[in-house]
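> any chance you can model this:
(one chain, ligands or ions: 2)
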Amino acid sequence: MILTQLPAEFQAAKPILDTIEAAGYEAYFVGGCVRDTILGKPLHDVDIATSAFPAEVKQLFKRTVDTGIEHGTVMILDHGNGYETTTFRTESGYQDFRRPDQVTFVRSLQDDLKRRDFTINALAMTANGKVIDLFDGLADLEQGVLRAVGIAEARFHEDALRMMRAVRFASQLGFTIEPQTEQAIADNATLLTKIAVERTRVEWEKLLMGQHPIAGLTGLLTTGLYRYMPAMADQEGLLRQLMALPTWHLTSIESTWTLLSWTMRLTDEAAVRHLLKMWRTSNELISHVTTAVKAVAALKRAGRLTAQENFYTGLDALTTANQVATILGFGQDQTELARAYADLPIHDKHELAINGGDLVKAKLVTPGPMMGQILTACLQAVITKQVANQQDDLLDFAGMVADSKNH
Ligand SMILES: Nc1ccn([C@@H]2O[C@H](COP(=O)(O)OP(=O)(O)OP(=O)(O)O)[C@@H](O)[C@H]2O)c(=O)n1
Ligand SMILES: [Mg+2]
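Ligands and ions are numbered 1, 2, ... in the order given. The predicted structure follows:
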């Protein structure tokens, strides 16, 4: 197969391949970028494989970064783009089921391609668009099949994450997993526990955001792989519920975890936090998701958020919540929700026209817990438009609050 109309990303990268070849080495585009081009999907990164050793690559280009030089990867910087360029290599060892004990640089493309995970990911392409297909990856692409290169079990022993990648690609591409490959996942599913949770998480998120989630979720169920994902051992019911939802509308990691939390009925903050901690997400994500889950509950209950709820939720978590509510069948018009949010008199507590210092100056209160209570009352009054966000009005109001507290 020769691809004639190459996407712009390849045209930009072509001079890199040309330079390596002019120096007498081989160089190809490899992996996901070749697969996605043939599928007509947008590319996210262009990876290059070469027979040149890392030191040889570095000699050929002015600007390179050693992004993973011990594994043979050098990033070539060119016109604002970075190209991960990896020397052909074989791997051996894999005592820990996640990375090779030893990487050996080789000069043969075939040796490099045969250690890759799936046939559709083992395609290479020359600078001129000629596809090199040593493992019938093109036929599998055509038929929508995920098949391990060579012996499936061996590929999963090399990197157990590949089992998650299989179900993730199934969900993204709507492919079926070839029976022997699927059996090897079922047989080796426990190995997933050897993989860093963070890596498993990325695949799980991509699976849930895929356009063909039923394919991915079915793969998890039939192989039993889900049992070895964090906090998922007894979640067959969750997977079946997810299958019945239009999860392909998920567009962010935040929405994905909000939907998961909701579907697992984790509505209190501690339970959501616990789930996300098990999956080692960032504190930022935990805070977004716990807030969004509360907003989903408000949308479910009332179809809208009160001014107070809007203020404390913020537009980002509100948008997340509404995407999730939409998937669950009780979403609201996003423009309306955004308008109600925009209508808040202030959007941040620092916008409040008085602060603790003002209260002390006006001799309404001395620093302490009471001051916090009065400021909170002021904030609430402004948000709900009972009092204008003006210093005079707020001092009057604070005076009344202080009086009522003193009696
Ligand atoms: N566990 C892995 C990860 C990657 N690869 C190989 O390295 C390539 C690039 O890896 P990566 O960018 O992680 O995956 P992609 O297949 O490019 O998919 P994505 O679209 O997610 O980038 C893959 O195509 C595959 O050939 C592999 O064999 N085993
Ligand atoms: Mg990639």
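
> how about the helices in the stretch 251-400 of the chain?
253-263, 269-278, 283-302, 307-328, 334-342, 356-361, 369-383, 391-406 (DSSP state H, counting those that start in this stretch).

> so for the fifth one, what gets flagged as buried?
With burial defined by 16 or more other CB atoms under 10 Å, the residues of helix 334-342 counted as buried are Leu337, Ala340, Tyr341. For the C-beta atoms, the positions are set from N, CA and C on the backbone; glycine is no exception.

> show me the domain layout of the chain.
The chain is divided into the following domains under automatic domain parsing: 1-143, 144-248, 264-342, 349-406.

> any idea how far the residue of the stretch 151-300 of the chain found nearest ligand 1 lies from Asp316?
When distances are taken as CB to the nearest ligand atom, the stretch 151-300 of the chain reaches nearest to ligand 1 at Asp159, 4.3 Å away. Distance of Asp159 to Asp316, computed by CB to CB, to the nearest Å: 35 Å.

> more neighbours: which of these two?
A count of neighbours by other CB atoms under 10 Å puts Asp159 above the other of Asp159 and Asp316, at 23 against 13.

> pull the contacting residues for that one.
Tyr94, Phe97, Arg98, Arg99, Asp117 (CB atoms under 8 Å, 6 or more residues apart in numbering).

> on the three-state scheme, Ile48 is what?
Three-state call for Ile48 (DSSP: H, G, I helix; E, B strand; the rest coil): strand.

> wait, it sits on Asp18?
No - assessed by CB atoms under 8 Å, Ile48 is found out of contact with Asp18, at 11.6 Å.

> quick one, which of those two is more surrounded?
For Ile48 versus Asp18, the count of surrounding residues by other CB under 10 Å is larger for Ile48: 24 against 13.

> so who does the more buried one touch?
13, 16-17, 20, 27-30, 76, 83-86.

> make it 6 Å
By CB atoms under 6 Å, 6 or more residues apart in numbering, the residues touching Ile48 are Ala27, Tyr83, Thr85.

> could you do Thr290 as well?
Shown in contact with Thr290 (CB under 6 Å, 6+ apart): Glu269, Val272.

> so for it, what's the pLDDT?
Looking at Thr290, its pLDDT reads 98.

> so it versus Ser261, what's the distance?
Taking CB to CB, one finds Thr290 at 8 Å from Ser261.

> got it, and Arg168?
In terms of CB to CB, Arg168 sits 20 Å off from Ser261.

> who has more neighbours out of the two?
Applying other CB under 10 Å to Arg168 and Ser261 shows that Arg168 carries more neighbours, namely 25 against 22.

> which SS state does that one fall under?
Relying on three-state DSSP, one would call Arg168 helix.

> what's it in contact with, if anything?
Here Arg168 is in contact with Glu203, Lys206, Leu207 (criterion: CB under 6 Å, 6+ apart).

> and the contacts of Asp159 near ligand 1, which?
Asp117 (CB under 6 Å from any ligand atom).

> can you flag which of the contacts of Asp159 belong to helices?
Among the contacts of Asp159, no member falls in helices (criterion: DSSP state H).
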